[in-house]
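*Asks:* Build me a model from this:
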Amino acid sequence: MYNILMTIFLIVCVILIACVMMQPAKNDNDAMSALTGGAGDLFSRKKARGFEAVMQIVTTILGAIFFILALALVYLSAH
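*Replies:* Next up is the predicted model:
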């Protein structure tokens, strides 16, 4: 059981890394953002659409699976 979970865990890790790397950059490189920390853009955020929205959902789901598998592996290794 431990080996199966470890294999699934490693596959999820690789896919999660790929999903994070595929997400588009969300940074604005203007001087005001550097000085204020981007606080001026607090209410000007747009909702993600299309590919960006799908990647956010997939990354969230894979992150949750990663966390659950990590806890399951810790539990199995302790018992």
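
*Asks:* List the buried residues for the strand or helix carrying Ala18?
*Replies:* Taking DSSP states H and E as the criterion, Ala18 maps to helix 2-22. The neighbour-count check on helix 2-22 (16 or more other Cβ atoms under 10 Å) flags 5, 9, 12, 16, 19 as buried. Glycine gets a C-beta too; all of them are placed from N, C-alpha and C.

*Asks:* Could you dump these into CSV with pLDDT added?
*Replies:* Below are these laid out as CSV (pLDDT from 0 to 100):
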residue, pLDDT
Leu5, 93
Phe9, 95
Val12, 96
Leu16, 95
Cys19, 93
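
*Asks:* Which of those sits closest to Ala70?
*Replies:* Using Cβ to Cβ, Phe9 comes nearest to Ala70 of the buried residues of helix 2-22, at 7.0 Å.

*Asks:* rewinding a little: want to throw the buried residues of helix 2-22 into a markdown table with distance to Met55?
*Replies:* Formatted as a markdown table, the buried residues of helix 2-22 follow (distance: Cβ to Cβ, whole Å):
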| residue | distance to Met55 |
| --- | --- |
| Leu5 | 26 |
| Phe9 | 21 |
| Val12 | 16 |
| Leu16 | 11 |
| Cys19 | 6 |
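
*Asks:* Which helix runs longest in this protein?
*Replies:* If you go by DSSP state H, the chain has its longest helix at helix 51-78.
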